[in-house]
Structures are given as C-alpha cells and as structure tokens.
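Visitor: Take this sequence and fold it.
(2 chains)
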Number of protein chains: 2
Amino acid sequence: MTAPEGLPTPLPPPLLECVPNVSEGRDRAALADLAERLSGIDGLRLLDVSSDPDHNRSVVTLAGHPTPLREGVLAMFAWADERLDLRSHRGVHPRVGAVDVVPFVPLAGATMADAVAAAEATAAEVASRFELPVYLYEQAARSPMRRLLADIRRGQFEGFSDKIALPDWAPDFGPSRVHPRLGVTVVGARFFLIAVNARLATSNASIAKEIARAVREANGGLPGVRALGLLLESRGCAQVSMNLVDYRRTSLLDLLARVGAEARARGTEVIATELVGLAPAEAVLGPLRSTIACDELDGRKLVEWRLLEEELGSRLERRDEARR
Amino acid sequence: MTAPEGLPTPLPPPLLECVPNVSEGRDRAALADLAERLSGIDGLRLLDVSSDPDHNRSVVTLAGHPTPLREGVLAMFAWADERLDLRSHRGVHPRVGAVDVVPFVPLAGATMADAVAAAEATAAEVASRFELPVYLYEQAARSPMRRLLADIRRGQFEGFSDKIALPDWAPDFGPSRVHPRLGVTVVGARFFLIAVNARLATSNASIAKEIARAVREANGGLPGVRALGLLLESRGCAQVSMNLVDYRRTSLLDLLARVGAEARARGTEVIATELVGLAPAEAVLGPLRSTIACDELDGRKLVEWRLLEEELGSRLERRDEARR
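Guide: Numbering: from 1, shown residues only, chains lettered A, B, ... in the order given. Below is the predicted model:
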C-alpha cells in the first residue's frame, strides 16, 4: 500500500509520518522542553503537539525520513526518562507506557513496508537503549494477537507486570519486565488514523459509553471506528473518544453525523468536536467533494496551499541554481 | 478591511492575489505560452490556470507583491496583443476584453487599500502602454455606476463602441475608443470571489436561467450570489454559472444545496460542480467547521499543509543562517 497521490514532497521520498502519544498532557514546561528537543533535530519536522489535560496525554505529529524520525523518537524517550514516571500518572485515557504508542505512517513516496521497517528499527533501538519491553502492532505485528493496540494495552501499566510474565506476552524487543517508570511501549506501522472526540451536553459518562458501543466496529457499528466513553472531569462533561482507522471506509462526516444522531436519541447532543493532532487533507476534503459533486476538489484548489507549494518550489529552484 | 487571519506569508506583506480572466479557453499552445511568460517573472507566483472551452475563457490566479503582479498583468496584455483578436472570439460567457477583467484581492498582511492602489497603478500603465480604455470597478470604482462588473460589461465587446461614446461611459484611463482587437478592460479590487459552476442533467438552458434567477441576490435570492444560465454546447448540457462574492454571507455549501433543490424542483439535478480557479481555504473549511462543530478546524489541521509550512520555514531559517 502506498500513500495517496498528490501529497507534496519537498523532501525526497520515502517520507513517513510518525505520531507518538506520550503520557503527559498537563505540564506545559515539560511539553515545551520536548518540543525544543525535537525542533533541534536536523531533517525532522515537528508538525503538531495536541495535549489534553483530562487524558493527561499528548499526541505529537512528526514527519521526515526514517533516520531523523528514529532520532526524534529516541530523543522523546530520553525526555520521558528524565521527566515522566507512570507510577504517579493519572489520566482518563488508557496507556501502558510513558511513551505509549509510536505509529509510523507512509506519506508521499513511501510504502507500508517502509513504515514497517522504520518501526522495527526504532523498536529495536529503543528497547536496547532504555531496557524497555517493546511490542510491535498493526502492520508491523508479528502475531495476530498483537495487531490491535487495545489487545496489547489491556491491563494497562498497572496490570502489565502480571501480563508480561505470560508466555504469550513476551515482548518483541527488550526485557520481559516492565520498566519501573516508563512501562512498556507499542511501536508499529499503519494507515492514517484520525483521532476525534465528541463532547456531550451531559456529565453522564454512561451515555458516552453507550454511544461508543453503538458506533464502534467491534460491536457492529461503523467500519474502521474504535470508540471509548469517558468523563472529562476538568470540563464536567462526557466525551466519546474515537479513532477512525480508515476514513475511506467510514467518512469523518458520516461518523460525526452518526454520533450526533445517537446522542439525540439519548436526549443529549454533541456540543463540540475536537480533532486531536492532524488529519490528511483527503479525510477532510473528500467528504466535501462527494457532497458538492466536485471531482477536482482537493488541497490544490486552496489559494493558501498553492501559495505554499509555489513558494517552496521557487526556493528549491533557487537553491538548485545556486549549486550550478 | 484586511485579509483573514492566519494565512501563511512566506513573502513579507503586503501580499495580493490577482485573478485576471482572459478570453482564450481553447488554444492550448497559446495558454502554455502565457504560463511560460508568467513563470519567468521574478517574485510572481502562478498558482492556477483554469480554462473552459465553451466559455472560451481562462481564469489565471497569481500571487505576489504589487510590483511583480503589475509586471505579470502587463506581460499578459503583451501576450494578448500578439495572440488574441476579440473580433473572432466566440464564447458563451459575456466579455468586453481580450484581457477581460483584472481583480486584485488582499492576501496576508494586505488591506483593501493596497489592492485598490495596485489596481489603479496597473490600470494606468495598461491604458497608456496598449492605448486601451480601462474601467475601474468594485472597491476601486470611481462612481457607483461602475461598482458592478455586470453594469460595465453590459453590451459586451460587440456593443461597446456605442456605449463608450456616451458621456457616462468615458473610461477611467485610456482613449475613448474600443481597441480593435483587445476591446476594453476592467480592473479593480475586491474580496475573494468563488467562481462555481453547476452542470445540470438537462440540455434545456431555460431551466438553468430559471435556477440562476432563483439563486441570484439581485432577484431576491441568496446574499452575495451572482448567477447566469448557459448552454455548454461541447458537453450538451445546461449550466448555472455563479460567482459567490462573499462566502461569509452565503456559504459555498448553502449555495450548492440551494441550486440542487431548485434543480430538483424543476425535474432535473446537478450532475457535477466545478470550482473555477482557486478558493480561499476558509470558504471550503469554514462550512465543514460549522457542520461538525469543530472550532479548531482550519488548514493547519491538515498534515500536508503543515508539512509545506514546516519545509518552507526550515528553508527560510537555513537561508537566514547562511546570511549570518
């Protein structure tokens, strides 16, 4: 599987996205320190940091070639090793690691095989450098039991010392004992995932759980949808926290329309939607293209997008001229 | 009035968009020659050329500072002077000039006053260099009669020799006689305009004209909407050709929903929608933001957009370092 056509690639291929989720969403100074460390790595692009205080979790979006991405992930572990301690971590989102999950995603000119290779190399180096158990998941999984993140993460950090002792749950890399502060880490390769949360006009978490059950694929809901019902204490409202793992099977608009309908059927409504991190342009513009029957609608129909492309193109040209 | 917040501006402000419409939409070699001439101008960004054979017209989207934009427009007139002759021009879209209309639009860091100044300077130079009558319209108009493009264009090229002799219709710049091959030109300043066409599942142009009447503001339709009903001979279907002159007053989605409903009420339907040229990101993402109640949805939530921004930023940084 290759990335969608037409992604701009100022850096030569293969270009990957990497979206580590870290178990820190409250300490601004710590997160600023992380951003600074990542920004200093040559060839690594830090595209986004989305933090949630109730989840106590941040989603970091990186892009680049496999080597700077691996460096970035190692820098993130070094940061976590100095700053985080899962024993005192509280958050409403399930997690097993200080750096909880590290997915690689093929961008322009990259294949899933490139993403799997990056995941394997990163997993091996993280495990040996930090003496940390690492599991490979999704497209990088070495057994069907380890494809789904939820299966690996079941039991969470607090229950993992028992789980890791089971023969079925020996890690793919690193020692068979949970790291005291960093827990375990899950590294893998996958297609674009869209993390989207819907806040409800109720503080009743069981309504959010019911809606999550209604929309998630595993319970007969929408294809490619994973969902949890949570209570956001700081905001006093219930939330349906979702992962759309294939926007080509269920569109973002269809998913949110369904969540809205399920909420209304339970006497409440969605008061706000949150996109955690970034989404590929196609996931956002694709549904609109269908709605208005406009075949040519994509990022390149947007003035600002085209201006960025042309500016970049013109600078690359000038660089090439200067080299001649 | 300034441009929307958050537009990326790799070039320092004031940055303008300029969207000349030329009366050539069929001759590919001529259009390729135009693109080549424009691409050679330093500091000018050619973002898009959208051509329509039935309209026999192309919409060119340029961006840059006022000076390279003026150079680009002059190059376009030199091209038209060599290549086009309105006496033999046939097309279903109304026009008065070989270079028919030249609007300037404020982008990042620019005000409407900047766009008006660019329009005036360009109009004066075009008129003197090509001995061409030029009218100022919209925000650059010097009388209320000349605000609306449709009022200036009424009578078209074929009827303009009589019109230009009327005291009310003396041009703002240039001689009071129509240029034999280039006609007259309309130059001005305005907010973003979205040109959108809806093709109908009928070849009955009078249905397209009825729908145009139903949706256009002048007949009590939707705010900021101008519309014409046309027949596209090469495609054997009727078309509603629209300009949305303020997407903040009527959203693109609402406009197209209304056109769809009007079509169905007349026993036909919209088979395809076409965005002519480019649209500002806000016009496309804004309606989606409302639909899904996601406040933070804008271009910077898109992976590819952020990657372009970061690539460009990193190159600008490296340039600055090299200068130090």
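Visitor: Give me the neighbour count for the nearest residue to residue A:270 once chain neighbours are set aside.
Guide: Spatially, and ignoring its direct neighbours in sequence, residue A:270 is nearest to residue A:198 (4.7 Å; C-beta to C-beta, 6 or more residues apart in numbering or on different chains). Any C-beta I mention is one placed from the backbone N, CA and C, and that applies to glycine too. By other C-beta atoms under 10 Å in any protein chain shown, the residues close to residue A:198 number 29.
Visitor: same question, the one 10 residues further on
Guide: Using other C-beta under 10 Å, residue A:208 has 29 other residues around it.
Visitor: Equivalent analysis for the one 5 residues further on, please.
Guide: When counting by other C-beta under 10 Å, one arrives at 17 neighbours for residue A:213.
Visitor: right, and the helix or strand after the host helix or strand of it?
Guide: Residue A:213 belongs to helix A:205-215 when assigned by DSSP states H and E. Next in sequence after helix A:205-215, counting helices and strands by DSSP H and E, comes strand A:225-232.
Visitor: Neighbouring strands - and their directions - for that next one?
Guide: Paired neighbours of strand A:225-232 in the sheet (DSSP bridges): strand A:237-244 (antiparallel).
Visitor: Compute the inter-axis angle for the strand it pairs with and helix A:205-215.
Guide: In terms of direction (axes from the mean of the first three to the mean of the last three C-alpha atoms, to 10 degrees), strand A:237-244 departs from helix A:205-215 by 20 degrees.
Visitor: quick one: strand A:237-244 to chain centroid distance?
Guide: Once both centres are worked out by C-alpha atoms, centre = their mean, to the nearest Å, strand A:237-244 turns out to sit 15 Å from its chain's centre.
Visitor: Quick check: next helix or strand after that strand?
Guide: Where DSSP H and E defines the elements, the next helix or strand beyond strand A:237-244 is helix A:252-265.
Visitor: For that next one, buried residues please.
Guide: By neighbour count on 16 or more other C-beta atoms under 10 Å in any protein chain shown, the buried set for helix A:252-265 is A:252, A:253, A:255, A:256, A:258, A:259, A:260, A:262, A:263.
Visitor: what subset of these is also close to chain B?
Guide: A:252, A:253, A:256 (C-beta under 8 Å from any C-beta of the partner chain).
Visitor: Next one: residue A:128 from chain B, what distance?
Guide: For residue A:128, the distance to chain B (C-beta to the nearest C-beta, to the nearest Å) stands at 30 Å.
Visitor: Only alpha carbons, please: show the helix or strand containing that residue as CSV.
Guide: For residue A:128, the enclosing helix or strand under DSSP H and E is helix A:112-130. Extracted C-alpha coordinates of helix A:112-130, given in CSV (Å, rounded to 0.1, in the frame of the first residue of the first chain):
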residue,chain,number,x,y,z
MET,A,112,3.8,0.4,4.2
ALA,A,113,6.9,-1.8,4.0
ASP,A,114,9.0,1.4,4.6
ALA,A,115,6.8,2.2,7.6
VAL,A,116,7.2,-1.3,9.0
ALA,A,117,11.0,-1.2,8.5
ALA,A,118,11.1,2.2,10.4
ALA,A,119,9.0,0.7,13.2
GLU,A,120,11.2,-2.3,13.6
ALA,A,121,14.5,-0.4,13.6
THR,A,122,13.1,2.1,16.1
ALA,A,123,11.6,-0.6,18.4
ALA,A,124,14.9,-2.4,18.5
GLU,A,125,17.0,0.7,19.3
VAL,A,126,14.5,1.9,21.9
ALA,A,127,14.4,-1.5,23.7
SER,A,128,18.2,-1.8,23.9
ARG,A,129,19.0,1.8,24.8
PHE,A,130,16.3,2.1,27.5
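Visitor: Can you name every helix or strand that that helix contacts?
Guide: Counting contacts by 3 or more C-beta pairs under 8 Å, 6 or more residues apart in numbering or on different chains; DSSP states H and E, helix A:112-130 is packed against strand A:16-18, helix A:66-83, strand A:99-106, strand A:134-138, strand A:185-189.
Visitor: need those in CSV with mean pLDDT, can you?
Guide: Listed next are those as CSV, based on pLDDT from 0 to 100:
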stretch, mean pLDDT
strand A:16-18, 97
helix A:66-83, 97
strand A:99-106, 98
strand A:134-138, 98
strand A:185-189, 98
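Visitor: ok so, going back, with pLDDT added, can I get the buried residues of helix A:252-265 in CSV?
Guide: Shown next, in CSV, are these (pLDDT from 0 to 100):
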residue, pLDDT
A:252, 95
A:253, 94
A:255, 97
A:256, 96
A:258, 97
A:259, 98
A:260, 97
A:262, 98
A:263, 98
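Visitor: With that, I have no additional questions.
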